[in-house]
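>>> predicted model follows, preceded by the sequence.
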Amino acid sequence: MIAVTPGLFADSALPAAVVAGEEIMRVLAEPGLQVREKADLSPVTEADMRAHRVITSKLMDTGIPVLSEEGRDIPYEERRKWEYYWLVDPLDGTREFIDGTGEFTVNIALIGGGDPLFGVIYVPVRREMFFTGTDGKLFSLRIPEGCLDAGEMERLAAEVKPQEQKPGSPLRVVASRSHLNEETRAFIGLLKKEHPDLLTVSRGSSLKFCMMARGEADLYPRLGKTMEWDTAAGQAIARAAGCRVLRMADHRPLRYNKPSLENPWFVVIPPPL
């Protein structure tokens, strides 16, 4: 049995996310970005692969298995034996990376018992990081240039206090920038019947979870395909701020390390009043 201690989470994951972000930004600065399609027709770039290699190398030192979007396809018969594992999206928002919007992130989560126990989301363009603390709280900071020490990051971080929505303010719904499908549009249309002044905001990657955690949005519906690595870190981040990430079908939390790594439709809702 692997001894998983709270300090292990941040000591390994925070620097890994920053170094991966630096690799992504190096690729962004290089001329002639090459894009190819994976078997599922989703795009992948050299930035995805460099970030994957950096994170995998650093997290494997913990002795905990790593499941990464850009890693090998690990059969469920092997995965089901894992007590804990790292779940990684080395570059979440590849389409946004290609389009140059800056709305891409590095996502790292630690999963135990089908539940995200810890999460870190790093925004390379802004050098901004969100991570969950050992006390269940949510923290954020801007990473200083050259800082790769997890202890220093934790000292510089401040607890995230969600901003409160003023009474009577319009409902703010955040949706995917690149994957806004007809089902999601229809769902938002139904909401508009009850909230005619509803505001819709588009964001890429796991930034939508960060918006919910900060209180910058009131609802995040996802009625389309996502994979477990797309949501695990975001679920940990949102939950640390009191939000809930629930399956549309039965209003139960998303679970991880399923036989199929595809998520059901879900919605992120704010903390109860």
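Received it, and whenever you're ready, just let me know what you need. Numbering: from 1, shown residues only.
>>> which pLDDT does the model give residue 164?
Here, the pLDDT recorded for residue 164 equals 81.
>>> could you find the closest non-adjacent residue to it?
In this structure, residue 164 finds its nearest non-sequential neighbour in residue 215, 6.6 Å apart by CB to CB, 6 or more residues apart in numbering. C-beta: built from backbone N, CA, C; applies to glycine.
>>> and for residue 218?
residue 172 (4.8 Å).
>>> next up, phi/psi of the one you found, please.
Main-chain dihedrals, residue 172, degrees, to the nearest 10: phi -110, psi 120.
>>> quickly list what it is bridged to.
Bridge pairing for residue 172 (DSSP bridges) gives the partners residue 199.
>>> mind listing what residue 131 touches?
10, 13, 14, 118, 119, 120, 121, 138, 139, 140, 157, 237 (CB atoms under 8 Å, 6 or more residues apart in numbering).
>>> the fourth one sits in which helix or strand?
It stands for residue 118. Following DSSP states H and E, one finds residue 118 within strand 115-123.
>>> going on from that strand, what's the next piece of helix or strand?
Sequence-wise, the next helix or strand beyond strand 115-123 is strand 128-132, with elements assigned using DSSP H and E.
>>> got the angle between that following strand and strand 115-123?
If you take axes from the mean of the first three to the mean of the last three CA atoms, to 10 degrees, strand 128-132 sits at 170 degrees to strand 115-123.
>>> list the strands paired with strand 128-132, with their directions.
strand 115-123 (antiparallel), strand 138-142 (antiparallel).
>>> out of the ones you listed, which one sits most buried?
Greatest average neighbour count among the strands paired with strand 128-132 goes to strand 115-123 (a mean of 25), per mean count of other CB atoms under 10 Å.
>>> the residue nearest to residue 234 when sequence neighbours are not counted: neighbour count?
Distances taken as CB to CB, 6+ apart place residue 209 nearest to residue 234, at 3.1 Å, with adjacent residues excluded. Residue 209 has 31 neighbours, counted by other CB atoms under 10 Å.
>>> the helix or strand containing residue 209: what's the following helix or strand?
Here residue 209, judged by DSSP H and E, is contained in helix 207-214. In the C-terminal direction, the helix or strand that comes right after helix 207-214 (DSSP H and E) is strand 220-222.
>>> that following strand - contacts with which helices or strands?
For strand 220-222, the packing partners by 3 or more CB pairs under 8 Å, 6 or more residues apart in numbering; DSSP states H and E come out as strand 172-176, helix 182-194, helix 207-214, strand 266-269.
>>> I'd like the mean pLDDT over it, please.
Mean predicted lDDT for strand 220-222 stands at 97.
>>> against residue 56, how distant is residue 81?
19 Å (CB to CB, to the nearest Å).
>>> and those two? Which one has more around it.
Set side by side, residue 81 and residue 56 show more neighbours around residue 56, with 19 against 8, by other CB under 10 Å.
>>> residues contacting the strand holding residue 118, please?
The contact list for strand 115-123, computed with CB under 8 Å, 6+ apart, reads 9-10, 13-14, 17-18, 20-21, 84, 87, 104-111, 128-132, 143, 206-207, 209-210, 232-237, 239-240, 253, 255-256.
>>> show me what contacts residue 214?
Here residue 214 is in contact with 160, 162, 163, 241 (criterion: CB under 8 Å, 6+ apart).
>>> the second one belongs to a helix?
No: the secondary structure assignment for residue 162 gives coil rather than a helix, going by DSSP: H, G, I helix; E, B strand; the rest coil.
>>> how about the nearest residue to residue 84, chain neighbours excluded?
In space, residue 84 comes closest to residue 112 once its chain neighbours are excluded; the distance is 4.6 Å by CB to CB, 6+ apart.
>>> hang on, isn't the one you found packed against residue 86?
No: counting by CB atoms under 8 Å, residue 112 stays clear of residue 86, with 10.7 Å between them.
>>> please read off the pLDDT at the nearest residue to residue 241 once chain neighbours are set aside from the model.
Once flanking residues are discounted, residue 241 sits nearest to residue 213: 3.7 Å by CB to CB, 6+ apart. pLDDT recorded at residue 213 is 97.
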